[in-house]
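J.: Just to be clear, the model below is a prediction. Sequence and coordinates:
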Amino acid sequence: MVALTLCAGVLVKSGTGQVEGRAARKAIDKVAPVYPQLAKRTHIRGMVKLEIVVRPNGSVKSAKVLGGSPVLIESATDAVGKWKFEAASEETTETVQLVFEPQ
């Protein structure tokens with residue numbers, strides 16, 4: 001199971017886990033991360049915290065890792081890089097936490 005968090009907010013169910021969301025800019029399309037096979041086999045769980053820069057058009061410009069298990073980081077950054085946010089007049093910076101739990 002993977003739970004995604006943008007700051008704090010309302011709990012919404014998704015096909016791969018739980019999504020919590022509330023941020024300065026609303027995410028309009030969230031791609032859930034793939035749970036890495038190594039993490040599944042070894043029952044690794046944990047959180048990856050990212051700071052992302054979102055372009056005015058809503059696409060993710062960059063993601064900086066603030067912490068998390070090295071086994072989970074690549075999957076988390078790949079997924080968040082595909083997210084789309086609502087358009088805005090300028091770039092914004094968001095903090096995202098993705099929690100990985102074995103099923």
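T.: Structure received.
J.: Helices of this structure, residue ranges please.
T.: Secondary structure of the chain (DSSP state H): helices at 37-41, 70-80.
J.: which of the ones you listed sits most buried?
T.: Among the helices of the chain, helix 70-80 has the highest mean neighbour count (mean count of other C-beta atoms under 10 Å), at a mean of 19. Quick note: C-beta positions are derived from backbone N, CA and C, even for glycine.
J.: quick one: contacts for residue 42?
T.: Neighbour list for residue 42: residue 71 [criterion: C-beta atoms under 8 Å, 6 or more residues apart in numbering].
J.: export the helices of the chain to TSV and tack on distance to residue 27?
T.: Shown next, in TSV, are the helices of the chain (distance: least, C-beta to C-beta, whole Å):
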stretch	distance to residue 27
helix 37-41	24
helix 70-80	9
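J.: Tell me which of those approaches residue 98 most closely.
T.: Evaluated over these, closeness to residue 98 peaks at helix 70-80, with 4.6 Å, by C-beta to C-beta.
J.: Work out the gap between that closest one and the centre of the chain.
T.: 8 Å (C-alpha atoms, centre = their mean, to the nearest Å).
J.: Which strands and helices lie in contact with that helix?
T.: Using 3 or more C-beta pairs under 8 Å, 6 or more residues apart in numbering; DSSP states H and E as the contact test, the elements touching helix 70-80 are helix 37-41, strand 46-54, strand 60-68, strand 92-100.
J.: What pairs with the second one, parallel or antiparallel?
T.: If I follow you right, that is strand 46-54. Taking DSSP bridges as the criterion, strand 46-54 sits next to strand 60-68 (antiparallel), strand 92-100 (antiparallel) in its sheet.
J.: ok so, going back, would you single out the least confident of the helices of the chain?
T.: The stretch with the lowest average pLDDT out of these is helix 37-41, scoring a mean of 91.
J.: returning to what we had before: just say which of the strands paired with strand 46-54 is most tucked in.
T.: Across the strands paired with strand 46-54, averaging neighbours per residue (mean count of other C-beta under 10 Å) puts strand 92-100 on top, at a mean of 20.
J.: Show the average pLDDT along that one.
T.: Mean pLDDT, computed over strand 92-100, is 92.
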